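S.K.: 3D model of this:
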Amino acid sequence: MDCSFRLSGLLFATGALAFGQGLHPIANMFNPKATPAESAYNVSILMLAICAAIFLVVGGLLTFTIVRFRRRKMDDSREPAQVYGSNKIEIAWIVIPVLIVLVLSMATARAVVEVQNKRMPADALKATVVGHQWWWEIRYPELGIVTANELHVPLSTAAKPATTALRLESADVAHSFWVPQLAGKTDTIPGITNTMWIDPRQEGTFLGNCAEYCGMQHANMLLRVVVETPADFEKWVAAQKLDAASDPQLGSARATFLSLSCVNCHTVSATTATGTFGPDLSHLMSRQTLGSGVVPNTLENLRAWVKDPQTIKPGNLMPNMQLNSRELDEVVTYLASLK
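M.R.: Take a look at the predicted model:
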């Protein structure tokens, strides 16, 4: 598990995730909304304070030296007196850095232990997140729900605490699960299961991203955590448990979809589509985005995605199916009904 508090990574979180055609809010780790993120925030503030103090001291000494000992017109060319072998200076520049490193190490270790050693309550929501090139599969094993790219979790309050326990896996290469306002980043490694937890204290949608370079669409492997009240979360669960809609008027569109090789990669509940290579499409239109956050989930974007996903997300593993106009219309019509 990689609960990284490195300064460069923390600063990256404040703005680098706010991209993608205006879709995404700023993923600001300096505004934590869950206990694990708060632990990372506290360490980062301590680190920034120490770095700022060092900068001010060094910068101040340099400025003083430049001003105080600058060459004047009346100065002769002789060098000033030189001082060698100052034990006090040598002791200072050894002891002070050691103390700084010790303080930072202890603060970081304390935060890591607090996060990693927390016991999960018996009623914790359990979810498994699987990283793929380049999207996130999300399973709720106890609820019988499989979705993609949007993790729905209940709000945690003082009156009713709610914890979500996550198992993190990878289906191909190394990825890293990171939602800066909710938790530190944790790697997903092929063949290894890592864990983490969150207890969001504010409703809303929180942006996350893969934080481990995993290929050409790494930057567009986005993730959304939707925090809802317990009542709204239960409504979402109930809707996700329903089989895919089967409107008799869509018989032709449904038949066209099921006749194509889409069914080898995707699942649609209560149909013969049982593929597991790509995202589960049973409730596709309940999601906010397509392509793991690349574009909004609108009818226009859905059509463009089905027609040629490579124009929207180059290099993704969904091929251009070369559908004719009739097939494209019917497939889009059927997918748009999956709510």
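
S.K.: residues contacting the residue most central in space within the chain?
M.R.: Nearest to the mean C-alpha position of the chain, by Cα atoms, centre = their mean, lies residue 208 at 2.6 Å. Residues in contact with residue 208, defined by Cβ atoms under 8 Å, 6 or more residues apart in numbering, are 17, 27, 177, 178, 179, 180, 182, 222, 223, 224, 225. The C-beta positions use only the backbone N, C-alpha and C, and glycine is treated the same way.

S.K.: wait, isn't the fifth one in contact with residue 205?
M.R.: No: taking contact to mean Cβ atoms under 8 Å, the distance of 10.4 Å between residue 179 and residue 205 leaves them out of contact.

S.K.: These two: who's more crowded?
M.R.: residue 179 (28 against 13; other Cβ atoms under 10 Å).

S.K.: mind checking the SS state of the closest residue to the more buried one other than its chain neighbours?
M.R.: Spatially, and ignoring its direct neighbours in sequence, residue 179 is nearest to residue 208 (3.5 Å; Cβ to Cβ, 6 or more residues apart in numbering). What DSSP: H, G, I helix; E, B strand; the rest coil gives for residue 208 is strand.

S.K.: for residue 225, same thing?
M.R.: strand.

S.K.: residues in contact with it?
M.R.: By Cβ under 8 Å, 6+ apart, residue 225 lies in contact with 150, 151, 152, 153, 179, 182, 198, 200, 205, 206, 208.

S.K.: 10 Å instead?
M.R.: Contacts for residue 225 (Cβ atoms under 10 Å, 6 or more residues apart in numbering) come out as 33-34, 138, 150-153, 164, 179, 181-183, 198, 200, 204-208.

S.K.: Give me the PyMOL select line for those, limited to the buried ones.
M.R.: Entered in PyMOL, the line below selects the buried ones among those, by 16 or more other Cβ atoms under 10 Å:
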select buried, resi 33+34+138+150+151+152+153+164+179+181+182+183+198+200+206+207+208
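
S.K.: From the contacts of residue 225, which land in helices?
M.R.: Among the contacts of residue 225, none falls in helices (DSSP state H).

S.K.: just the strands in the chain please.
M.R.: Using DSSP state E, the strands assigned to the chain run over residues 125-132, 135-140, 145-148, 150-154, 164-170, 175-178, 186-188, 194-198, 204-210, 222-228, 289-290, 295-296.

S.K.: List every C-alpha atom in the first one, with coordinates, as CSV.
M.R.: Written as CSV, here are the backbone C-alpha positions of strand 125-132 (Å, rounded to 0.1, in the frame of the first residue of the first chain):
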residue,chain,number,x,y,z
LEU,A,125,-19.8,-1.1,2.9
LYS,A,126,-17.5,-3.4,1.0
ALA,A,127,-16.4,-2.6,-2.6
THR,A,128,-13.8,-4.0,-4.9
VAL,A,129,-12.1,-1.6,-7.4
VAL,A,130,-10.3,-3.1,-10.3
GLY,A,131,-8.0,-1.0,-12.5
HIS,A,132,-8.1,-1.7,-16.3
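
S.K.: Can you report how many residues neighbour residue 215?
M.R.: Neighbours around residue 215, by other Cβ under 10 Å: 14.

S.K.: and what of residue 43?
M.R.: Neighbour count for residue 43, taken as other Cβ under 10 Å: 22.

S.K.: Could you do residue 305 as well?
M.R.: The tally of other residues near residue 305 (other Cβ under 10 Å) stands at 22.

S.K.: one step back: got a quick PyMOL command for the buried subset of the contacts of residue 208?
M.R.: Only the buried entries of those go into this PyMOL selection, using 16+ other Cβ under 10 Å:
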select buried, resi 17+27+177+178+179+180+182+222+223+224+225
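
S.K.: would you list the contacts of residue 208 in TSV and tack on distance to residue 275 and pLDDT?
M.R.: Output for the contacts of residue 208, formatted as TSV (distance: Cβ to Cβ, whole Å; pLDDT from 0 to 100):
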residue	distance to residue 275	pLDDT
17	30	40
27	32	71
177	24	96
178	28	95
179	28	95
180	33	93
182	31	95
222	23	95
223	22	94
224	23	95
225	26	96
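
S.K.: Specify which member of the contacts of residue 208 is nearest to residue 325.
M.R.: Nearest to residue 325 among these is residue 222, at 31.2 Å by Cβ to Cβ.

S.K.: Pretty sure that closest one sits against residue 151.
M.R.: No: using Cβ atoms under 10 Å, residue 222 makes no contact with residue 151, being 11.9 Å away.
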